[in-house]
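K.L.:
My questions are about this predicted structure, shown below with the sequence.
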Amino acid sequence: MAAQQVVATARVTQIVSSPRGRVHEVLLDDGTSAAGQLDGLGLKVGDRVTVAGKGGAYAQGKALRVETITLPSGEVRTLPRPEHHRHDRQGPPPGSAPA
């Protein structure tokens, strides 16, 4: 199933961050899981937000990669697209010295 455009408006119930404190995901009170580069937005539990992006709706709730977020102030932010790392890189060209 291809990802579809998903929109959710709800209150933040949980903030998921990395050990370094970067916010990677928020869980909303309607069951939505919204992931993206969310650090620096000043989100707090209880904030009402609208998130939009590509994802899907499942029995447990919606899940999406956030493309835009409307903050409690009404400000709309477009988030940067995630960087894709290539895992199919090949080694050095034949005949080159090892690194």
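P.N.:
Looks like it arrived, so ask away.
K.L.:
Endpoint to endpoint, stretch 22-38 covers what distance?
P.N.:
End-to-end distance for stretch 22-38, by C-alpha to C-alpha, to the nearest Å: 8 Å.
K.L.:
Please work out the average pLDDT along that stretch.
P.N.:
Per-residue pLDDT over stretch 22-38 has a mean of 95.
K.L.:
remind me, longest strand of the protein?
P.N.:
The residue-count maximum for a strand in the chain (DSSP state E) belongs to strand 4-17.
K.L.:
what sits up against that strand?
P.N.:
By C-beta atoms under 8 Å, 6 or more residues apart in numbering, the residues outside strand 4-17 that reach it are 23-30, 32, 34, 39, 43-57, 62-64, 70. C-beta here means a position set from N, CA and C on the backbone, and glycine is covered the same way.
K.L.:
Listing partners with orientation, what would you give for that strand?
P.N.:
Note on strand 4-17: by DSSP bridges, its sheet partners are strand 23-28 (antiparallel), strand 48-58 (antiparallel).
K.L.:
Pull out the buried positions in it.
P.N.:
Within strand 4-17, the residues scored as buried using 16 or more other C-beta atoms under 10 Å are 6, 8, 10, 12, 15.
K.L.:
now stretch 60-80
P.N.:
Applying a neighbour-count criterion of 16+ other C-beta under 10 Å, one finds 62-67, 69-70, 79 buried in stretch 60-80.
K.L.:
And stretch 27-34, by the same measure?
P.N.:
Neighbour counts using 16+ other C-beta under 10 Å place 27-28, 31-34 of stretch 27-34 among the buried residues.
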